[in-house]
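Engineer: Give the three-dimensional model of this entry:
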Amino acid sequence: MNEAHTHTHDHADLKGRKLLITIILNIVITVSQVIGGLVSGSLSLLSDALHNFSDVASLVISYVADRYSKKEASFDKTFGYKRAEIIAAFVNAATLLVVAVYLIYEAVKRFINPQEIESGLVIWLAVLGIVANGFSVLLLYKDSKENMNMRSAYVHLLTDMSASVAVLIGGLLMKYFGWFWIDSVLTVLIAIYLLVVGYDLLKNSFNVLMLFTPKDIKLERISKKITTISEVKSIHHIHVWQLNEQETHLEAHIDFSKDLTLSEFDEILEKVEKILFDDFGINHVNIQPEYQKDDPKEIIVQD
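Structural biologist: Below is the predicted model of the structure:
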């Protein structure tokens, strides 16, 4: 048990170190692109710099949330700060959408009044962005599969890398074909991509914050499974929600067909917990036992 706790703690510290590295890399990229965008006159480079700046803020939020999520529970904070990373994911997703709308606005203005751009500088800075963000993406890839906060940071960095690839292509087209209008087109494409990924992440984090039932869990299936236990007459007044991505909670009333002893209830509760964990991934269960109690028996009861 001690070794498992140490391993978890070490993994959490490694997550924090990875985020710190990506923060430093993104600060370097952002400063370079702002200078390069101003010198070259490239809107797509400046838009990429703005996106990178929002990423620095988002990564800092993710880092702070990661630190807070490790704080212990207390009498006035019985869940600790386990939701901190979900809040960070929500804020980061919202910034993606705001940045995307602003980029489209600026791109339309530039498309109406195109400007000549120093494409050579754009190309080299785009390459820098691809290398640095590519390294950051590889750093966070594994953790992004298991944690919404890390996924929000990963998505920011992945879109950065994609944006840098688009800027590189644009720089080459401007250099060899003189297509300066491509700068605005690429900016819009980057922004549309941000809108798509940002909305998906915003929706998922919002669902967790609002205590919505996870979309892969069907309450009717839970009721059907639990009532296969012979002593269970019905399960009702069910609430299922995620505290974070590691913890899914269920609370419900179970109406029993006979007047059980406490030890008998404990035995049945073990069966209920096993079904909920094995079939639905629910790992925190709170059951209120009932026998011939006069209350609503619907699966969902408005509190």
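
Engineer: what bits of the stretch 101-250 of the chain have low per-residue confidence?
Structural biologist: In the predicted model, the stretch 101-250 of the chain carries pLDDT under 70 at residues 114-118.

Engineer: tell me the strands in it, going along the chain?
Structural biologist: Across the stretch 101-250 of the chain, reading from the start of the chain, the strands by DSSP state E, counting those that start in this stretch fall at 232-242, 248-256.

Engineer: Tell me which of those lies nearest to residue 38.
Structural biologist: Comparison of the strands of the stretch 101-250 of the chain against residue 38 by C-beta to C-beta identifies strand 232-242 as nearest, at 44.3 Å. Using the backbone N, CA and C atoms, a C-beta is placed for each residue, glycine as well.

Engineer: Need the residues that contact that closest one.
Structural biologist: If you take C-beta atoms under 8 Å, 6 or more residues apart in numbering as the criterion, strand 232-242 is touched by 208, 211-214, 217, 219, 222-223, 226-227, 248-257, 268, 272, 282, 288, 295-301.

Engineer: how distant is that strand from the center of its chain?
Structural biologist: Strand 232-242 sits 27 Å away from the centroid of its parent chain (C-alpha atoms, centre = their mean, to the nearest Å).

Engineer: ok, it: who's next to it in the sheet?
Structural biologist: According to DSSP bridges, strand 232-242 forms sheet pairs with strand 248-256 (antiparallel).

Engineer: just checking, next helix/strand downstream of the partner strand?
Structural biologist: helix 262-280 (DSSP states H and E).

Engineer: Helices along this protein, start to end?
Structural biologist: Shown for the chain, the helices assigned by DSSP state H span residues 2-40, 43-69, 84-112, 119-144, 148-177, 182-209, 219-226, 262-280.

Engineer: Which of the residues in the fourth one are classified as buried?
Structural biologist: Residues of helix 119-144 classed as buried by neighbour count (16 or more other C-beta atoms under 10 Å): 119, 121-123, 125-126, 128-130, 132-134, 136-137, 139-140, 143-144.

Engineer: List the contacts of residue 273.
Structural biologist: For residue 273, the set of contacting residues under the criterion of C-beta under 8 Å, 6+ apart consists of residue 285.

Engineer: Same question for the one 10 residues further on.
Structural biologist: Contact analysis of residue 283 by C-beta under 8 Å, 6+ apart lists 247, 248, 277.

Engineer: which of those are buried?
Structural biologist: By neighbour count, with 16+ other C-beta under 10 Å, the contacts of residue 283 hold residue 248 as buried.
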